[in-house]
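Chemist: I need the structure of the sequence given here:
(2 chains, ligands or ions: 2)
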Amino acid sequence: MLKYKLLWGGLFHKKLRLILSIIGIIIGVASLLLMNSFGESAKIKTLKEIETFGPEVMMVVAGNVKVRAGRAIQTEITTTLKPSDAKVLMEINGIKYISPVFNGDGIVRYLRNTLITIINGVNEEYIKLRKFPLVEGRNFLKEEVLGYKKVAILGYKVKKELFGNKDPIGKIILINKLPFRVIGVLDKIGIDASNTDQDDQVLIPYTVAISAVYNVDYIRSIYLSVKDISEISKIEDQINKLLMKRHKVSEKNKDFTIIKAEDILKVKTQTTRIFSVLVKNVSILCLLVGALGVTAIMTLSVNERKKEIGIRKALGAKEKDILFQFLAESIFITMLGGLIGILIGILGALIFLPLFNYPLIFPLGPIITSTLLTIIFGIIAGVYPAFKASKVDPIILLKQGF
Amino acid sequence: MVKKLVILKDITKTYQTGKVSYQVLKGINLEVEKGEFLAIMGASGSGKTTLLNIIGLLDKPTSGSYILDGEEVSKLSKQELAYIRNRKLGFIFQAFHLIPWATALENVLMPLLYRKEGISKKDEERAKKLLERLGLGDRIKAKPAELSGGQQQRVAIARALIGKPKLLLADEPTGNLDSKSSEEVIKIFRELNQEGITIIMVTHDPEIAKYAKRIKIIKDGNFIEK
Ligand SMILES: Nc1ncnc2c1ncn2[C@@H]1O[C@H](COP(=O)(O)OP(=O)(O)OP(=O)(O)O)[C@@H](O)[C@H]1O
Ligand SMILES: [Mg+2]
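Modeler: Ligands and ions are numbered 1, 2, ... in the order given. So this is what the prediction gives:
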């Protein structure tokens, strides 16, 4: 104990300077950790989303759609995609499931519970092609879809909010004031590739959606899945040609867009990768600047403590004793900054990940990376001042005026 | 048992500043026996400090031989010199040179930090006894800034003694002290010498030099023979 006081007492002597020298490190490490956590979390998120949007799934979306940041954004409302288009596509060979989709907001009510959610008008193949499991009840019947039956399948959250733990099957809910009978409940799914919360929706037959609920004659999209993934491009081509002919449009003024899981994945992983490379470099730069700060302040400190170093040497300290003392001081400063930075980083991750709808992870990998990098940077930061310190000549002590 | 603790033969020291070289010591010969108390006097700039630096192994002579405690030391490496400084020498400086953030007790123990054996509880007790003996028993927790000049110099003396050195070196130990403190310090020196410690001291002050058993005067880089 006394030994360490004698070695490092000088470090805590000037507390303000100690704090100043670790701020850079704190910022560097905290940002490194936070960014890496986001990176890791984003990876998990993308994987999860892709699961609900398999590689065999394709979307035909009305209008001109851009995939931006992994999200399909419809740039304008187009009314030219009709249910009959979906019927025609059903004839294409190699398609496994196909469903027209009309989605809109809806006010859903059961007794005194009311909520606003997304109403998805689909057919009986939709939950099969999206691989949405049911926890209660059953899927739509083909006859119910064709027969304009007012039946509904609830998303997990919708069920929880409307019914709590009660059994919803057979109960009548109101969607935009129209009565629907609940026939099923979806299992927990989470956020999918299109960044929508699939637990916050109600599925109804698309026939009812466009007629009774929204009173339109068009649909917003067609979801389909193929039997054989290797045929996906071929089928995409066929759909493209067929719809262009039916809509009498050319490649230039096309009023629909085909999106494959692959397209979304590509854009997503690309943006994630660019983002993570960027932030990694920036945060390593932060850490480097922090380390340079430690070097600068340690060099200053060595200059100020020349007398102390001279005394130690006169008393018998060897160059290597002084070298290690000051190297240890630098490493200690960086580690202290690193530790605080890691704590702030973890706290930041715990706060910001849920805030931005990212899955919450404990950033073990990033913590290890940050710790190792901090130690390395601590050593790098300390080498020069420690070397300088070890070379201080004890003769200065006997100089006049010292 | 070696009788002669310090033997300097034809020691020269030349400082080189750019193209100009300046010989400060011009062939110093000196023998110091165990138990001696030697005062080195001389005008300012005559080379007293330079000589004491060489005796204290903080600097190397340009030429000549230096045998300390039976061992030729003028050719040793910096590391070996540091080891000898730690084991055999004790320094007392004009400006005290205590470490400002450490307490009196910690300052006294500092030399032992650089010994393999480390600092034991016994050493701590010994350091406290030393401070007590030097009249600082109630100030062991004080920082240098809280002590008077005379008290600081007594802490420095305790620090020089903790390692049980063979030779105590002091450059103007009373140079920064008033006459009362100076007298206290030099009396401690005389006591220590009476207990058998060898002392070499540089001083301007004839009143202080009087306490030494032998006085040598340096002039133009050599001792004046009397
Ligand atoms: N590192 C150096 N480089 C060049 N010249 C030096 C150096 N150190 C000392 N000198 C010169 O050597 C001479 C002797 O210096 P020294 O410090 O030994 O004198 P001194 O006898 O201790 O003087 P004082 O009584 O003032 O302390 C002086 O002229 C000084 O300017
Ligand atoms: Mg001098």
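Chemist: Chain B against ligand 1: which residues are in contact?
Modeler: Neighbours of ligand 1 within chain B, by CB under 6 Å from any ligand atom: B:15, B:17, B:22, B:24, B:42, B:44, B:45, B:46, B:47, B:48, B:49, B:50. (C-beta placed from N, C-alpha, C; glycine too.)
Chemist: What residues does the residue nearest to the fifth one when sequence neighbours are not counted make contact with?
Modeler: Counting by CB to CB, 6 or more residues apart in numbering or on different chains, residue B:42 lies nearest to residue B:218, which is 3.8 Å off, once chain neighbours are set aside. Residues touching residue B:218, when contacts are defined by CB atoms under 8 Å, 6 or more residues apart in numbering or on different chains, comprise B:28, B:40, B:41, B:42, B:46, B:47, B:48, B:51, B:224.
Chemist: In strands, which of those fall?
Modeler: B:28, B:40, B:41, B:42 (DSSP state E).
Chemist: any idea whether residue A:145 is helix, strand or coil?
Modeler: Three-state call for residue A:145 (DSSP: H, G, I helix; E, B strand; the rest coil): helix.
Chemist: Quick check: nearest residue in space to the one residue sitting closest to the centre of chain A, chain neighbours excluded?
Modeler: The C-alpha lying nearest the average C-alpha coordinate of chain A belongs to residue A:42 (CA atoms, centre = their mean; 3.3 Å). What sits nearest to residue A:42 in space, not counting adjacent residues and going by CB to CB, 6+ apart, is residue A:272, at 5.0 Å.
Chemist: neighbours around the one you found, how many?
Modeler: By the criterion of other CB atoms under 10 Å in any protein chain shown, residue A:272 has 18 neighbours.
Chemist: before we move on, the earlier item: so is the residue nearest to residue B:42 in a helix, a strand, or just coil?
Modeler: Here residue B:218 is recorded as strand under three-state DSSP.
Chemist: And the nearest residue to residue A:159 once chain neighbours are set aside, which helix or strand is it part of?
Modeler: Leaving out its chain neighbours, the residue that sits closest to residue A:159 by CB to CB, 6+ apart is residue A:185, at 4.6 Å. Here residue A:185 sits within strand A:178-186, counting by DSSP states H and E.
Chemist: what do you get for residue B:200?
Modeler: strand B:198-202.
Chemist: so after that strand, what's the next helix or strand?
Modeler: helix B:206-209.
Chemist: Buried residues of that following helix, list them for me.
Modeler: B:208, B:209 (16 or more other CB atoms under 10 Å in any protein chain shown).
Chemist: gap between the most centrally placed residue in chain B and residue A:397?
Modeler: Residue closest to the average C-alpha location in chain B (CA atoms, centre = their mean): residue B:169, at 1.6 Å. For residue B:169, the distance to residue A:397 equals 11 Å [CB to CB, to the nearest Å].
Chemist: Please apply the same query to residue A:275.
Modeler: From residue A:275 to residue A:397 the distance is 56 Å (CB to CB).
Chemist: likewise residue A:5?
Modeler: Counting by CB to CB, the gap from residue A:5 to residue A:397 is 22 Å.
Chemist: ok, back up a step: and the residue nearest to the centre of chain B, backbone torsions?
Modeler: phi -120, psi 130 (degrees, to the nearest 10).
Chemist: Give me the nearest residue to the closest residue to chain A within chain B, chain neighbours excluded.
Modeler: Per CB to the nearest CB, residue B:86 is where chain B lies closest to chain A, at 2.3 Å. Of all residues not flanking residue B:86 in the chain, residue A:316 sits nearest, at 2.3 Å (CB to CB, 6+ apart).
Chemist: tell me which parts of chain A are close to chain B?
Modeler: Residues of chain A lying close to chain B (CB under 8 Å from any CB of the partner chain) are A:2-3, A:5-7, A:9-10, A:12-13, A:307-308, A:310-321, A:394-395, A:397-399, A:402.
Chemist: Go through those residues and flag which are in helices.
Modeler: Using DSSP state H, A:2-3, A:5-7, A:9-10, A:12-13, A:307-308, A:310-314, A:319-321 are the members of these that sit in helices.
Chemist: Could you list which of the residues you listed also contact ligand 1?
Modeler: Of these, not one also sits near ligand 1 (CB under 6 Å from any ligand atom).
Chemist: Show me which of those are buried.
Modeler: Neighbour-count burial (16+ other CB under 10 Å) is assigned, among those, to A:2, A:6-7, A:9-10, A:13, A:307-308, A:310-314, A:319, A:321.
Chemist: so what's in contact with residue B:169 and residue A:397 at the same time?
Modeler: Jointly contacting residue B:169 and residue A:397 under the rule CB under 8 Å, 6+ apart are residue B:91.
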